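>>> Make a model of this:
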Amino acid sequence: MKRLILLLPLAIFLGVALFLYRGLFLDPAELPSALIDKPFPAFSLPAVEGDKSISQADLKGQPALVNVWATWCVSCRVEHPVLNKLAQLGVTIYGVNYKDDNAAAQKWLAEFHDPYQLNINDARGSLGLDLGVYGAPETFLIDKDGIIRHKFVGVIDERVWREKLAPLYQALVDEVTP
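From the prediction side, this is the model:
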């Protein structure tokens with residue numbers, strides 16, 4: 001009995017050490033999402049610019065990236081030139097301005113250019129909460145029917161686009177184009 005009591009802390013330590021060791025090899029950009037293969041959450045929020053309201057139905061019709069961004073996000077500033085370049089190449093990008101001041105968002109877009117075909121003002125973070133957003137930037141890849149097919153956490157740079165997201169996006173475009 002005494003041996004069992006002495007071995008119990010060692011067994012607990014080894015279990016915790018094994019759990020932590022496994023975590024060293026996980027990719028932080030591959031956070032699982034319960035929304036993969038599910039419809040984009042229903043919402044109705046104002047646009048960042050103009051006085052129109054945007055809903056889930058507005059995101060349907062073509063494959064797109066849905067990029068969660070904010071002016072307070074330093075990484076978003078790094079990512080933004082790549083998004084501008086992708087938009088110029090014809091990639092459909094929708095924005096979700098997350099927990100941000102709308103006037104600051106409008107100034108940002110005027111200063112750094114606007115790659116978004118639609119840009120949702122999620123000032124209270126309700127859509128972000130429904131999407132399971134941890135912070136910005138996060139990007140969702142949706143198909144023409146508004147079904148979430150992939151989630152990427154972190155900065156989209158040219159390597160990430162080329163190696164990870166472009167093949168997924170192109171496959172969804174190919175499904176639409178006969």
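
>>> make it CA atoms for all contacts and neighbour counts henceforth
Will do.

>>> low-confidence ranges in this structure?
Filtered on pLDDT under 70, the chain yields the residue ranges 1-4, 6-8, 10-11, 13-15, 17-32, 178.

>>> mind listing the strands for it?
Using DSSP state E, the strands of the chain run over 44-46, 53-55, 64-69, 93-98, 118-122, 138-142, 148-153.

>>> Looking at the ones you listed, which is nearest to Asn84?
Asn84 lies closest to strand 93-98 among these, at 9.4 Å (Cα to Cα).

>>> That closest one packs against which elements?
Under the contact definition 3 or more Cα pairs under 8 Å, 6 or more residues apart in numbering; DSSP states H and E, strand 93-98 sits against strand 64-69, strand 118-122.

>>> Could I get the ones you listed in CSV, plus columns for distance to Val16?
Formatted as CSV, the helices and strands packed on strand 93-98 follow (distance: least, Cα to Cα, whole Å):
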stretch, distance to Val16
strand 64-69, 34
strand 118-122, 39
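
>>> Compare those strands and give me the one nearest Ala171.
strand 64-69 (11.7 Å).

>>> could you dump the strands of the chain to TSV with distance to Cys76 and mean neighbour count?
TSV is the format used below for those (distance: least, Cα to Cα, whole Å; neighbours: other Cα atoms under 10 Å):
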stretch	distance to Cys76	mean neighbour count
strand 44-46	21	16
strand 53-55	22	16
strand 64-69	6	25
strand 93-98	11	25
strand 118-122	15	24
strand 138-142	9	24
strand 148-153	12	22
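
>>> Of these, which is nearest Leu83?
Set against Leu83 and scored by Cα to Cα, the strands of the chain come closest in strand 93-98, at 7.9 Å.
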